[in-house]
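A.B. asks: need a 3D model of the following:
(chains A and B)
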2 protein chains.
Amino acid sequence: MKIITTPEAMRAWSEAQRRHPDIRIGFAPTMGALHEGHLCLVRAAVHENDVAVASIFVNPTQFAPNEDFDEYPRPFDDDLAKLEAEKVEVVYAPTAADMYSEGYATYVTVEGVSNGLCGASRPHFFRGVATVVSKLFNAVKPHRAYFGQKDAQQCAVIERMVRDLDMGIEIVTLPTVREPDGLAMSSRNKYLNAEDREKALCLSKALFHAETLLRNGERNPDVLISVVRDMMQDVTIDYVELVDSATMAPVDTVAGPVTLAAAIVLPTARLIDNVRFDPGAQQT
Amino acid sequence: MKIITTPEAMRAWSEAQRRHPDIRIGFAPTMGALHEGHLCLVRAAVHENDVAVASIFVNPTQFAPNEDFDEYPRPFDDDLAKLEAEKVEVVYAPTAADMYSEGYATYVTVEGVSNGLCGASRPHFFRGVATVVSKLFNAVKPHRAYFGQKDAQQCAVIERMVRDLDMGIEIVTLPTVREPDGLAMSSRNKYLNAEDREKALCLSKALFHAETLLRNGERNPDVLISVVRDMMQDVTIDYVELVDSATMAPVDTVAGPVTLAAAIVLPTARLIDNVRFDPGAQQT
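C.D. replies: Numbers count the residues shown, from 1 in each chain, chains lettered A, B, ... in the order given. Just a heads-up that it's a prediction; the model follows:
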């Protein structure tokens, strides 16, 4: 396994791969602190492509000054061991100084889909995400890139960006990976103390309950949102919203693919989760 | 000469070229209405690379609603004949519908360098330029791209963007091409009536005079700007500024490469021009 640390060296490797007409590059971008959710993305990148790249970069531009950039876990050697076990060809791990050198000034913004949900409470978050993913894509030059459904709004932002900027990259979204009790895996789950870990369960439980109502025919967003809110009375709710899965705009009724998304703020961590539902897929 | 009209087809052509380890793609992006300034860029793209692409696309997102998008000249067949004569391999001429399809939402902004000068009077202009150039670069995948020094601020924005987003494209800036009497060539010169064509001459004359003063040792921005303003009393001045050539920020004195840039507004057209001066280059 090769570790590459500069955009120039990463580009050179990818350009050499792309000279072979049949080689497909799979890419799983991460911020490290790898859990089973990340490893599912990595495995798909390895198995569905000829060569696979995983990146580890804790991106400063997607954290606000009051957020957890400094505390974000960085178990770099453990992460490398996990990626080596998955038979990744290249780990791209640039430094912040290489990614954002002096005078850095360029940002990619995706309007509409970045608004609301996490975009409302974290105003610069998706600008940071779209910018760093553009940079990673330009260096890694993947044919396919893998993201987790847990970050539903991020997936929608990246899909919109790739289409709008003619990047020609296939975005693959894989289902959320969960702990046995239902909690969505997240690097930030490490922040939870025992009390908050227990309380956090209401998030997935409430979403699963609403998902069952959707499957049984409930189509009223107000009802679905109320049900979720009622089941999360012991925690601080950031948002609960029923949105169009592609545009992330709130819907009046459930006509096409929708995402029921929620965020809660516990004393030791902020957590997000969501369920998707497609009434068309159900009918077939 | 091949004419390609969709981002997908353009990408496919470029990806096929890039499978050859020795082939370099040169690219001259234009809005058509080609004059000798464009053709110098095209010739360099042809002669300095193995294959050359020129694009023709009048980009709606860099025009404000009150600007000349509708009137902008579009002599498409003449342009194609000129590009064929220069032995361009591919003309990339996408439609606005292909470039900005329904729900389009992604923009590239370059802070700092986009402010001031033309960015002050045309607030969305450089966002439109950076966005469309990103899209063109993603489709054409050039090794080198050619721009004219006449659009000095545009060159600085593109250079900053390419560096910041790790695009790995060499940006080549070629000197401004002028009419025999000094007027910088521009597709918008066609808008000028006889009276304005005569008046327009003061712009290059004033800049050339200030350039002579710079060569002779004048280093005071206020003096240089006043000289230019004094020589343009018969026209409406948008701006006259002495800026750092890379950052486009006004300078207090002439220590490194600077650009003396000016814009004037005549009844029939708005015109820009500039001269560059590098005190270091002079000393060697």
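
A.B. asks: I figured A:Ala262 hits A:Val227, correct?
C.D. replies: No - judged on CB atoms under 8 Å, A:Ala262 makes no contact with A:Val227 at a distance of 11.2 Å. Using the backbone N, CA and C atoms, a C-beta is placed for each residue, glycine as well.

A.B. asks: the more surrounded of those two?
C.D. replies: Shown here are A:Ala262 and A:Val227; by other CB atoms under 10 Å in any protein chain shown, A:Ala262 has more neighbours (25 against 19).

A.B. asks: domain-wise, how is chain A divided?
C.D. replies: A:2-174, A:187-276 (automatic domain parsing).

A.B. asks: centre of the chain to the first one, how far?
C.D. replies: It stands for domain A:2-174. 9 Å (CA atoms, centre = their mean, to the nearest Å).

A.B. asks: go on, the last one?
C.D. replies: Taking the mean of its C-alpha atoms, domain A:187-276 sits 16 Å from the chain's own mean (CA atoms, centre = their mean).

A.B. asks: interface residues of the stretch 1-150 of chain A facing chain B?
C.D. replies: Residues of the stretch 1-150 of chain A lying near chain B by CB under 8 Å from any CB of the partner chain: A:7-8, A:11, A:15, A:18-21, A:101, A:103-113, A:130-131, A:134-135, A:138-139.

A.B. asks: follow-up on the earlier one: overlap in contacts, A:Ala262 and A:Val227.
C.D. replies: Taking CB atoms under 8 Å, 6 or more residues apart in numbering or on different chains as the contact rule, A:Ala262 and A:Val227 both touch A:Ala206.

A.B. asks: helices of the stretch 151-284 of chain A, start to end?
C.D. replies: Remark: helices assigned in the stretch 151-284 of chain A by DSSP state H, counting those that start in this stretch are A:152-164, A:194-215, A:221-230, A:279-283.

A.B. asks: re the thing from before, can I get the domains of chain A in JSON lines with mean pLDDT?
C.D. replies: Supplementary listing: these in JSON lines, determined by pLDDT from 0 to 100:
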{"stretch": "domain A:2-174", "mean pLDDT": "97"}
{"stretch": "domain A:187-276", "mean pLDDT": "97"}
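
A.B. asks: show me what from the stretch 151-284 of chain A comes close to chain B.
C.D. replies: Taking CB under 8 Å from any CB, the part of the stretch 151-284 of chain A that reaches chain B is made up of A:160-161, A:163-168, A:247.

A.B. asks: and with 6 Å instead?
C.D. replies: Applying CB under 6 Å from any CB of the partner chain, we find that the stretch 151-284 of chain A lies next to chain B at A:160-161, A:164-168.

A.B. asks: nearest spatial neighbour of the most centrally placed residue in chain A, chain-adjacent residues omitted?
C.D. replies: In chain A, the C-alpha closest to the average C-alpha coordinate belongs to A:Asp151, at a distance of 3.6 Å (CA atoms, centre = their mean). Take A:Asp151 and drop its neighbours on the chain: the residue closest to it by CB to CB, 6 or more residues apart in numbering or on different chains is A:Ile272, 7.5 Å away.

A.B. asks: surely that neighbour meets A:Ile264?
C.D. replies: No - applying CB atoms under 6 Å as the test, A:Ile272 and A:Ile264 come out as separate, 8.2 Å apart.

A.B. asks: my guess is A:Thr268 contacts A:Asn193. True?
C.D. replies: Yes - between A:Thr268 and A:Asn193 a contact is recorded at 5.1 Å, counting by CB under 6 Å.

A.B. asks: which one of those two is surrounded by more residues?
C.D. replies: When A:Thr268 and A:Asn193 are compared on other CB under 10 Å, the one with more neighbours turns out to be A:Thr268, at 18 against 12.

A.B. asks: look up phi and psi at that one.
C.D. replies: A:Thr268 adopts backbone torsions of phi -100, psi -10, taken as degrees, to the nearest 10.

A.B. asks: what about A:Glu89, how many neighbours?
C.D. replies: Per other CB under 10 Å, the neighbour tally for A:Glu89 reads 19.

A.B. asks: what do you get for the one 10 residues further on?
C.D. replies: Here the number of neighbours of A:Met99 (other CB under 10 Å) works out to 21.

A.B. asks: give me the neighbour count for the closest residue to it other than its chain neighbours.
C.D. replies: When the adjacent residues along the chain are set aside, A:Met99 lies closest to A:Lys135, with 6.4 Å between them (CB to CB, 6+ apart). Under the neighbour criterion other CB under 10 Å, A:Lys135 is assigned a count of 23.

A.B. asks: against A:His47, how distant is A:Lys135?
C.D. replies: A:Lys135 sits 26 Å away from A:His47 when distances are taken as CB to CB, to the nearest Å.

A.B. asks: quick one, helices of the stretch 1-150 of chain A?
C.D. replies: Using DSSP H, counting those that start in this stretch, the helices found in the stretch 1-150 of chain A span residues A:7-17, A:36-47, A:76-85, A:96-99, A:118-121, A:125-140.

A.B. asks: relative to B:Ala85, which of the ones you listed is closest?
C.D. replies: Proximity of these to B:Ala85 was assessed by CB to CB; the nearest stretch is helix A:7-17, lying at 32.2 Å.

A.B. asks: check which helices and strands that closest one sits against.
C.D. replies: With contacts defined as 3 or more CB pairs under 6 Å, 6 or more residues apart in numbering or on different chains; DSSP states H and E, helix A:7-17 has these neighbours: helix A:125-140.

A.B. asks: go again with 8 Å.
C.D. replies: In terms of contact count using 3 or more CB pairs under 8 Å, 6 or more residues apart in numbering or on different chains; DSSP states H and E, helix A:7-17 is assigned the packing partners strand A:2-4, strand A:51-56, strand A:90-92, helix A:125-140.

A.B. asks: now that helix against strand A:51-56, angle please.
C.D. replies: Our comparison of helix A:7-17 with strand A:51-56, counting by axes from the mean of the first three to the mean of the last three CA atoms, to 10 degrees, yields an angle of 170 degrees.

A.B. asks: for helix A:7-17, buried residues please.
C.D. replies: Within helix A:7-17, the residues that qualify as buried are A:7, A:9-11, A:13-14, A:17, counting by 16 or more other CB atoms under 10 Å in any protein chain shown.

A.B. asks: re the thing from before, most tightly packed of the domains of chain A?
C.D. replies: Compared across the domains of chain A, domain A:2-174 shows the largest average neighbour count, a mean of 19 (mean count of other CB atoms under 10 Å in any protein chain shown).

A.B. asks: that one: end-to-end distance?
C.D. replies: Domain A:2-174 stretches 26 Å from its first residue to its last (CA to CA, to the nearest Å).

A.B. asks: can you check stretch A:167-179 too?
C.D. replies: Taking CA to CA, the first and last residues of stretch A:167-179 lie 34 Å apart.

A.B. asks: report the beta-bridge partners for the nearest residue to A:Arg276 once chain neighbours are set aside.
C.D. replies: In this structure, A:Arg276 finds its nearest non-sequential neighbour in A:Thr259, 5.3 Å apart by CB to CB, 6+ apart. With DSSP bridges applied, A:Thr259 shows beta-bridge pairing to A:Val243, A:Arg276.

A.B. asks: and A:Thr259, what is it in contact with?
C.D. replies: By CB under 8 Å, 6+ apart, A:Thr259 lies in contact with A:152, A:242-245, A:248, A:274-277.

A.B. asks: which residues touch the residue nearest to A:Met232 when sequence neighbours are not counted?
C.D. replies: Closest residue in space to A:Met232, ignoring its immediate chain neighbours: A:Cys202 at 4.9 Å, by CB to CB, 6+ apart. A:Cys202 sits next to A:231-232, A:234-235, A:264 when contact means CB under 8 Å, 6+ apart.
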